[in-house]
Every structure is written in structure tokens, then in C-alpha cells.
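J.: this one's structure only:
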């Protein structure tokens, strides 16, 4: 998870500083791990499920972490929402990146399992 924090800090040199992360996940354990790691680094977090993602307004200066458990969850509606958000996007998944098409340019892919010191 340290890699995720380093990526977010690096994004701050390109775009306005990321102050928070919206975690889109239906896995409560992974969500809690991400929340604890990110808040420990001074970032605010908010977690929502996939069903709510496409209808949620993304606050300014927030990045998005998608926990993709099933590629079918990544619907056209969700992809359109991500494209409109203009936010840094990171994916956490046990699938290969080729399993999901249409993610915004610059999406960073992290393979599961994640470790806190990873």
C-alpha cells in the first residue's frame, strides 16, 4: 500500500494535490485496510460500493481506487463516470489489466494481494 501512497504523492507534482481517496469496493476487509493505510498518511478516505459509484459526485482533489473483483462490474456507466471525474485512477485486482477495457488513460494497476508494506 506504500506504493499507492507514493503514487498519490507523485500525482501532486502534476495536478492539484490529492487530499483524499474515494475507494470503490464491495470488499469490506480490503476497504478497511486501504482506509487505515491512507488515513495514516494524512489522506481522507470515503468508501462506496460499485452500485453507487456512477451516481456519486467526486469531490475535488480526490483520487479513485477501484477494487475490481469481477471485470463485469466495470460497466460503461462507471467508465463514463471515471472519465468525467478527471481524477487519478488506480485499480486493485487479481485480474490482468487486459481483462478490463476502457479505463481512463494513466490508470495505474496494482495486483492483489496487497500488503501494507507493499
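T.: Done, it's in. Nothing here was measured: the structure is a model prediction, and the numbers come from that model.
J.: So what touches the helix or strand containing residue 29?
T.: Assigned by DSSP states H and E, residue 29 falls within helix 28-39. If you take C-beta atoms under 8 Å, 6 or more residues apart in numbering as the criterion, helix 28-39 is touched by 1-2, 4-5, 21, 23, 25, 45, 47, 65, 67, 92, 114, 116. C-beta here means a position set from N, CA and C on the backbone, and glycine is covered the same way.
J.: switch the cut-off to 10 Å
T.: 1-2, 4-5, 8, 20-21, 23-25, 27, 43-49, 63, 65, 67, 69, 92, 112-118 (C-beta atoms under 10 Å, 6 or more residues apart in numbering).
J.: Just the buried ones from those residues, in ChimeraX syntax?
T.: Per 16 or more other C-beta atoms under 10 Å, the buried members of those correspond to this ChimeraX selection:
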select :1,4,5,8,20,21,23,24,25,27,43,45,47,49,63,65,67,69,92,114
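J.: So which of the contacts of helix 28-39 are in strands?
T.: Counting by DSSP state E, the contacts of helix 28-39 place 20-21, 23-24, 44-48, 63, 65, 67, 92 in strands.
J.: Can you tell me which of those residues lies closest to residue 105?
T.: Nearest to residue 105 among the ones in strands among the contacts of helix 28-39, counting by C-beta to C-beta, is residue 63 at 14.9 Å.
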